[in-house]
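Asker: quick one, structure for this:
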Amino acid sequence: MELTRLIVKGGVISPGELREIVNMAMNQGLDSISFGSRQDIIFPKGFKDFDKEDFGKFHFVYPDQKSGNNIVSSYVSTDIFRNTNWLTGNRFLYILEEFKEQPKLKVNITDPKQQLVPLFTGHLNFIASEHEDYWYLYIRLPKWEKIEVYPVLLYSWDLAKIYYEIEKISEEDAVDIEMLFTFVSEALDTNNRTIDKPLNIPFYPFPYYEGMNRMGIDQYWLGLYWRNNLYDLDFLKEMCDLCFECKIGKICITPWKSFIIKGIPKDRKLEWEKFLGKRGINVRHSLLELNWHLPVAMEWALNLKTLLVRTLDQFDISTYGLNFGISEYNRDGHYFTSIVIEKNELPAALESIKIRDTYNVLFAKNFDSNTREYIVHSQDIDKLELPTILIELSRKYFEELGNTASETAENLQKKEKPQLDVYQCQECLTLYNSEYGDEPQGIPKGLLFENLPETYCCSLCEAPKSNFRILEAVEN
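Answerer: Just a heads-up that it's a prediction; the model follows:
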């Protein structure tokens with residue numbers, strides 16, 4: 001899918017900038033735009049390049065370009081959801097302003113107490129600590145297999161320069177967390193602070209982020225969501241004009257293909273409701289509708305979501321606090337929803353044959369995506385089996401809710417390797433499952449694949465141990 005992205009730093013854009021973007025799109029004959037999972041704006045195939053003299057302040061990433069990553073921030077959550085006390089909207093804006101050059105790596109700048117914006121989906125993840133103006137940094141560079149914690153807390157006004165230094169160093173081969181810390185410490189004079197306790201990430205149910213909601217004493221915030229992620233340009237243009245009239249300076253894009261307007265004056269609330277009503281805008285979708293993350297412009301994913309939502313609604317199933325993701329098979333397994341539905345790849349040998357798609361279902365440990373640990377529930381199942389599985393997982397979630405102690409990110413990072421794993425021979429597709437071992441070859445139950453002797457070979461075709469590839473790693 002050839003899509004053009006417009007970088008919106010931190011997901012924060014002014015009504016004036018959005019109105020300019022709307023006019024650009026309308027001049028090209030478009031009638032809608034979409035939002036991306038990294039709080040950017042997405043234009044459909046055919047969107048043309050622009051003269052930089054006319055639109056130089058906007059950073060577009062075109063289909064043939066690989067560079068250009070957005071900074072994700074939880075600015076959108078400030079003042080409306082749970083927050084770390086010292087982390088205000090203005091602090092977010094000041095920090096974002098320090099990032100002058102477009103990052104090559106993915107950067108997240110977030111508050112751990114909010115649930116709307118994922119914490120660990122970046123290459124560099126700055127997460128607020130309890131100490132005013134100090135941040136944890138969790139790093140997973142593109143070639144790294146696991147996330148690492150930077151050994152000190154970082155000062156707010158050092159974040160940008162530390163990022164740019166790490167960006168330069170990250171291009172080196174075989175760089176690790178110790179090397180990063182050493183190089184950055186030698187290159188920069190920074191105001192660090194010792195980590196006196198691990199990062200604590202409290203678990204709260206996923207918030208409802210739509211509709212008109214009270215904000216303080218005399219203001220409201222409005223969340224708007226379209227099922228198909230195609231936002232009408234005429235509507236957006238008129239909405240920007242209404243923001244001007246109400247002296248609203250910022251519009252916030254969420255990672256959930258929606259946006260939020262904060263600071264609607266109490267005496268203008270009725271005017272906004274009339275505006276939405278005349279346009280026929282639904283601002284009270286059910287939780288079944290809202291809590292889904294879909295790939296942009298993929299009709300199969302939207303159709304699958306529609307089927308699942310209708311079925312869950314028919315059976316009157318509650319999904320409060322859960323969120324769901326639909327994606328094509330992700331080899332890296334980088335997700336940020338509590339339940340994930342993966343569409344399997346069609347084997348190349350079968351591409352010419354019309355066969356039904358199959359899916360895998362995974363869920364985050366304790367249904368908390370911030371653990372970054374996913375458990376495989378079902379594999380290679382038909383679409384018609386998915387509703388039953390989601391109902392089962394929903395019931396499991398409510399049965400376990402409140403029964404598990406919260407874990408710190410530090411504990412998660414240092415946790416021992418999973419107790420079980422499954423590997424597959426690439427020659428004949430035979431499985432080695434550590435739960436059962438390989439008794440004919442004298443391998444006991446429970447022995448992890450990495451602990452097998454190097455002389456181990458496939459019990460069917462005798463391929464060497466090096467021919468096996470991991471399928472999954474789960475807890476016993």
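
Asker: so who does residue 467 touch?
Answerer: When contacts are counted by C-beta atoms under 8 Å, 6 or more residues apart in numbering, residue 467 touches 425, 426, 427, 458. Where C-beta positions appear, they are placed from N, C-alpha and C, glycine not excepted.

Asker: swap that for residue 158, sorry
Answerer: Neighbouring residues of residue 158 by C-beta under 8 Å, 6+ apart: 188, 190, 191, 192.

Asker: and what of residue 321?
Answerer: Residue 321 touches 205, 206, 367, 397, 401, counting by C-beta under 8 Å, 6+ apart.

Asker: between those, which sits nearest residue 7?
Answerer: residue 206 (26.3 Å; C-beta to C-beta).

Asker: next, that closest one: secondary structure please.
Answerer: Judged by DSSP: H, G, I helix; E, B strand; the rest coil, the three-state class of residue 206 is coil.

Asker: likewise residue 234?
Answerer: Recorded secondary structure, residue 234: helix (three-state DSSP).

Asker: how many residues are close by it?
Answerer: Counted by other C-beta atoms under 10 Å, the residues lying close to residue 234 total 12.

Asker: before we move on, back to that, just the buried ones among the contacts of residue 321, please.
Answerer: Buried by 16 or more other C-beta atoms under 10 Å: 206, 367, 397, out of the contacts of residue 321.

Asker: got the residues you listed as JSON lines, with distance to residue 166 and pLDDT columns?
Answerer: Listed next are those as JSON lines, based on distance: C-beta to C-beta, whole Å; pLDDT from 0 to 100:
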{"residue": "206", "distance to residue 166": "31", "pLDDT": "86"}
{"residue": "367", "distance to residue 166": "32", "pLDDT": "91"}
{"residue": "397", "distance to residue 166": "37", "pLDDT": "91"}
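
Asker: please report how far the closest residue to residue 306 other than its chain neighbours lies from residue 192.
Answerer: Among residues not flanking residue 306 along the chain, residue 227 sits closest, at 8.0 Å (C-beta to C-beta, 6 or more residues apart in numbering). Using C-beta to C-beta, to the nearest Å, we find residue 227 at a distance of 46 Å from residue 192.

Asker: also residue 312?
Answerer: Distance, residue 312 to residue 192, using C-beta to C-beta: 48 Å.

Asker: still on that earlier bit, now the contacts of residue 467: which count as buried?
Answerer: Among the contacts of residue 467, those buried by neighbour count (16+ other C-beta under 10 Å) are 425, 458.

Asker: which members of the contacts of residue 467 are positioned in strands?
Answerer: In this view, these that belong to strands under DSSP state E are residue 425.

Asker: among the contacts of residue 158, which one has the most neighbours?
Answerer: The residue in these with the most neighbours, by other C-beta under 10 Å, is residue 192 (18 neighbours).

Asker: who's in contact with it?
Answerer: 152, 153, 154, 155, 158.

Asker: which one among the residues you listed gets closest to residue 121?
Answerer: The closest of those to residue 121 turns out to be residue 154 (C-beta to C-beta; 19.1 Å).

Asker: packing partners of the host helix or strand of the closest one?
Answerer: If you go by DSSP states H and E, residue 154 is part of strand 152-155. Packing contacts for strand 152-155, counted by 3 or more C-beta pairs under 8 Å, 6 or more residues apart in numbering; DSSP states H and E, involve strand 134-139, strand 193-194.

Asker: how about the nearest residue to the residue most central in space within the chain, chain neighbours excluded?
Answerer: Nearest to the geometric centre of the chain sits residue 336, at 4.6 Å (C-alpha atoms, centre = their mean). What sits nearest to residue 336 in space, not counting adjacent residues and going by C-beta to C-beta, 6+ apart, is residue 118, at 3.7 Å.

Asker: quick check: the one you found touching residue 364?
Answerer: No: the pair residue 118 and residue 364 fails to qualify as a contact (C-beta atoms under 8 Å) at a distance of 11.2 Å.

Asker: between the two, which has more neighbouring residues?
Answerer: Between residue 118 and residue 364, residue 118 has the larger neighbour count (other C-beta under 10 Å), namely 24 against 21.

Asker: helix/strand/coil for the more buried one?
Answerer: Three-state assignment for residue 118 (three-state DSSP): coil.

Asker: ditto for residue 262
Answerer: Per three-state DSSP, residue 262 ends up strand.

Asker: per-residue pLDDT of it, please?
Answerer: The score at residue 262 is 96. That number is its pLDDT.

Asker: spatially, and excluding backbone neighbours, which residue is closest to it.
Answerer: Residue 262's closest residue in space is residue 221 (C-beta to C-beta, 6+ apart), at 4.5 Å.

Asker: same question for residue 294.
Answerer: Nearest residue to residue 294 in three dimensions, chain neighbours excluded: residue 301, at 4.5 Å (C-beta to C-beta, 6+ apart).

Asker: my guess is the one you found contacts residue 326. True?
Answerer: Yes: with contact defined as C-beta under 8 Å, residue 301 reaches residue 326; the gap is 4.6 Å.

Asker: quick one: which of those two has more around it?
Answerer: Remark: of residue 301 and residue 326, residue 326 carries more neighbours, 23 against 20, as counted by other C-beta under 10 Å.

Asker: residues touching that one, list them.
Answerer: With C-beta under 8 Å, 6+ apart, residue 326 has these contacts: 292, 293, 294, 295, 301, 304, 305, 340, 341, 343.

Asker: of the residues you listed, which belong to helices?
Answerer: Within the contacts of residue 326, residues falling in helices by DSSP state H are 301, 304, 305.

Asker: what's the burial count for residue 340?
Answerer: There are 25 residues near residue 340, going by other C-beta under 10 Å.

Asker: strands of the stretch 351-476 of the chain, residue ranges please.
Answerer: Counting by DSSP state E, counting those that start in this stretch, the stretch 351-476 of the chain has these strands, from start to end: 358-364, 374-382, 420-425, 431-433, 468-474.
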